[in-house]
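Asks: sequence and predicted structure below; questions after.
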Amino acid sequence: MIPELGHFALILALLTSLVQGTLPMLGAAMRKPRLMALARPAARAQFLLVALAFGCLAWSFVANDFSVQNVATNSNSELPLHYRVAATWGSHEGSLLLWTLMLGGWSFAVTLFSRNLPAPMLARVISVMGLVSAGFLLFLLFTSNPFERLVPAAAEGRDLNPLLQDPGMVFHPPLLYMGYVGFSVAFSFAIAALLGGRLDATWARWSRPWTTVAWSFLTVGIALGSAWAYYTLGWGGWWFWDPVENASFMPWLTGTALIHSLAVTEKRGAFKSWTVLLAIVAFSLSLLGTFLVRSGVLTSVHAFATDPARGVFILIFLAIVIGGSLALFAYRAGKVGLGGSFDLVSRESMLLANNILLIVALASVLLGTLYPLFLDALNLGKISVGPPYFDTVFYPLMAPAAFLMGVGPIARWTRTPLPELATRLRWALGVAAATALVAPFLLGRWSLLVAFGLFLAFWIFASTIVNLRQRLSASPRHGMLAKLRANSPSYYGMVLAHMGVGVFVIGVTLVKGYEVEKDVRLDVGESVALGGYDFKFVGVTPHPGPNYRAITGAVEVRKDGRLIETLAPEKRIYNASGQAMTIAAIDTGIFGDRYVSLGEPVSADTSNIDGPWGIRIYLKPFVDWIWIGAFLMALGGFIAVSDRRYRLALKTHAARVFGGAIGNAGAD
């Protein structure tokens, strides 16, 4: 009964999304207030129906309803409750239902927080989101039904992939999808602006906070995925340039460019066409990444051939959304003015250069991700594009982008005299250069790459401090607290996000420059020295888990003979699937991690667990700064959207631009 209710809710949601996507759009074109007024209730109803369907699927997992094929394939009665809930989005069908739920949630949020938008603009925005929802609902109902029945019902489920049975995977996919889907709001605002023929600073102000929130969620999602890979997969890496990782990283790069471009469009009226194009590309890459990951293309480029209906639908949907939006952009972009002019040395030029570097970096990642797939699809051979390519191409592009992060906020809008800019930045340059020269010696070994990375990080820190000091000294208010209050939350959000980038750069630089690892064979009682520490293998102990059997090792860590920590890496065998998992043991510290991973028994009799084992040991200096930096970036984004200027005086400004057609239509 519950699965049938969920399936029926999806059918009703599809019908509602078609109403949401067509009638308000027609109302905006014909200036029919009653049709435009349908936008809000239709979007809210569609979200509630999808939420009901998602709840039905979650209940099917919680209740172990193995008559639902999705549940029988991705769950098991021994699976702990929180993983049964997470299994709701652990499959292809469930993840697409989560995607659709998130899209409905963003549409619902637009109806709540955009009451001051002109009625035609709001109707177009919600209609575009409704059409995208309709595409996903059609895809779910006709090719990826999450409620498909299994007759007869299975006696037991196969189990959730052991890789997904981790607390990080409970939170990582929803947060990642919040970012993916959040770019649909900027996309919808851009399409609505193109349809309405008004690409001025107003639409940039409306869409900027939505874009920033989506980017912040995506940042957290990517960081959680990276941390999960680090402590779960057992190889000690935090980023491998895997196609699945790249699928989320490409929208992030475009979203970063979009946030900065929206700032220029809002404040100076420049980059209007470029900003619209970035909004289209950001969401297009979100669609592309989602479908590549969930269609099986990244596992096998011939997945379409094994499921023709799903593959054809994907291609048609991508062609309509991406091709249609780019065609509309090509038709309308030529009618948009160029905006305000600016000199070569100005804040606009710095932000433009930063945008170009980000998009070129995006193109390099896109090429490295898709090129092997195209070759394989055309039967032209198999090639592997891995870290050597991406490290060689990507980092040289990001280095000047990081340098411009220090220059841009200090440069003036329109024009900045070069001597004035040099005078403002000389202190920051001196601090960064001195730190880069001295710090590697203090860390034990001087390296050019380490020095360069530290120079960029401390350049960002120092230039940000210079910028903050200059703003405070220029404030006419008296008292430090009053001067600090004079700056907006969006400014402090930018400061924190830039500081986060600096922290991230330090983490990447030092872990790449100074990490050490050793694969050893240790018998019980044997020790190995690494990086000033002694690691002693005490032995292993079997013990049962809720749905697995585990062998837990004990590795004592000593420094100068003093016991610091006893690490307990695990090997797990899951009961239902028989799959093995390696769970690393990590002693985390602010200055680095001690990381131990248990391999396999290496005695002649591999069933003898009391003999010698293969053990992998890593020392990862400052690795946690990578994720601290990412979370600081995201926090900066959330702080920025709390700025009151996004909430006040918008109605008056919209009335002036649109002649008083303020969107009270459909208000409850």
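Replies: All right, it came through fine. Residues are numbered from 1 along each chain as shown.

Asks: and the host helix or strand of G599, what other elements does it pack with?
Replies: For G599, the host element (DSSP states H and E) is strand 592-601. Under the contact criterion of 3 or more C-beta pairs under 8 Å, 6 or more residues apart in numbering; DSSP states H and E, strand 592-601 touches strand 533-544, strand 548-559, strand 562-567, strand 570-574, strand 580-583, strand 585-589, strand 613-621. Placement of C-beta: from N, CA and C, glycine included.

Asks: how about that strand: buried residues?
Replies: Neighbour counts using 16 or more other C-beta atoms under 10 Å place G592, D593, R594, Y595, V596, S597, L598, G599, P601 of strand 592-601 among the buried residues.

Asks: what about the last one, distance to G578?
Replies: P601 is 18 Å from G578, where distance means C-beta to C-beta, to the nearest Å.

Asks: which residues of the chain score low on pLDDT?
Replies: 294-309, 311, 335-340, 604-607, 645-668 (pLDDT under 70).

Asks: in it, which residue is most central in space?
Replies: L218 (2.7 Å; C-alpha atoms, centre = their mean).

Asks: now it. Nearest residue, chain neighbours left out?
Replies: G179 (2.4 Å; C-beta to C-beta, 6 or more residues apart in numbering).

Asks: the one helix or strand the one you found maps to: what's the following helix or strand?
Replies: In this structure, G179 sits in helix 167-196 according to DSSP H and E. Remark: after helix 167-196, the chain's next helix or strand is helix 201-232, criterion DSSP H and E.

Asks: next helix or strand past that next one?
Replies: The C-terminal neighbour of helix 201-232 among helices and strands, as given by DSSP H and E, is helix 243-268.

Asks: now do the SS call for the residue nearest to T416 when sequence neighbours are not counted.
Replies: Of all residues not flanking T416 in the chain, V345 sits nearest, at 5.0 Å (C-beta to C-beta, 6+ apart). Three-state call for V345 (DSSP: H, G, I helix; E, B strand; the rest coil): coil.

Asks: can you report phi and psi for V345?
Replies: phi -100, psi 100 (degrees, to the nearest 10).

Asks: doesn't G289 make contact with Y180?
Replies: Yes: counting by C-beta atoms under 8 Å, G289 is a contact partner of Y180 at 7.2 Å.

Asks: spit out the residues that contact these two alike.
Replies: Here Y180 and G289 share the contacting residues S248, P251, scored by C-beta atoms under 8 Å, 6 or more residues apart in numbering.

Asks: these two: which has the busier surroundings?
Replies: Remark: of Y180 and G289, Y180 carries more neighbours, 29 against 22, as counted by other C-beta atoms under 10 Å.

Asks: for L218, see how far away that one is.
Replies: From Y180 to L218 the distance is 7 Å (C-beta to C-beta).

Asks: now the common contact residues for these two.
Replies: Common neighbours of Y180 and L218 (C-beta under 8 Å, 6+ apart) are S248, P251.

Asks: return the helix or strand L96 falls within as PDB; C-alpha atoms alone will do.
Replies: Assigned by DSSP H and E, L96 belongs to helix 92-113. C-alpha atoms of helix 92-113 as PDB (Å, rounded to 0.1, in the frame of the first residue of the first chain):
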ATOM      1  CA  HIS A  92      20.200   5.200  -8.900                       C
ATOM      2  CA  GLU A  93      16.400   5.500  -8.500                       C
ATOM      3  CA  GLY A  94      16.500   6.800  -5.000                       C
ATOM      4  CA  SER A  95      19.200   9.400  -5.700                       C
ATOM      5  CA  LEU A  96      17.100  10.800  -8.600                       C
ATOM      6  CA  LEU A  97      14.100  11.000  -6.300                       C
ATOM      7  CA  LEU A  98      16.300  12.900  -3.800                       C
ATOM      8  CA  TRP A  99      17.400  15.200  -6.600                       C
ATOM      9  CA  THR A 100      13.700  15.900  -7.500                       C
ATOM     10  CA  LEU A 101      12.900  16.400  -3.800                       C
ATOM     11  CA  MET A 102      15.700  19.000  -3.500                       C
ATOM     12  CA  LEU A 103      14.500  20.700  -6.700                       C
ATOM     13  CA  GLY A 104      11.000  21.000  -5.200                       C
ATOM     14  CA  GLY A 105      12.500  22.200  -2.000                       C
ATOM     15  CA  TRP A 106      14.300  25.000  -3.700                       C
ATOM     16  CA  SER A 107      11.200  25.900  -5.600                       C
ATOM     17  CA  PHE A 108       9.200  26.000  -2.400                       C
ATOM     18  CA  ALA A 109      11.900  28.300  -0.900                       C
ATOM     19  CA  VAL A 110      11.600  30.600  -3.800                       C
ATOM     20  CA  THR A 111       7.900  30.900  -3.200                       C
ATOM     21  CA  LEU A 112       8.500  31.800   0.400                       C
ATOM     22  CA  PHE A 113      11.400  34.300   0.100                       C
END
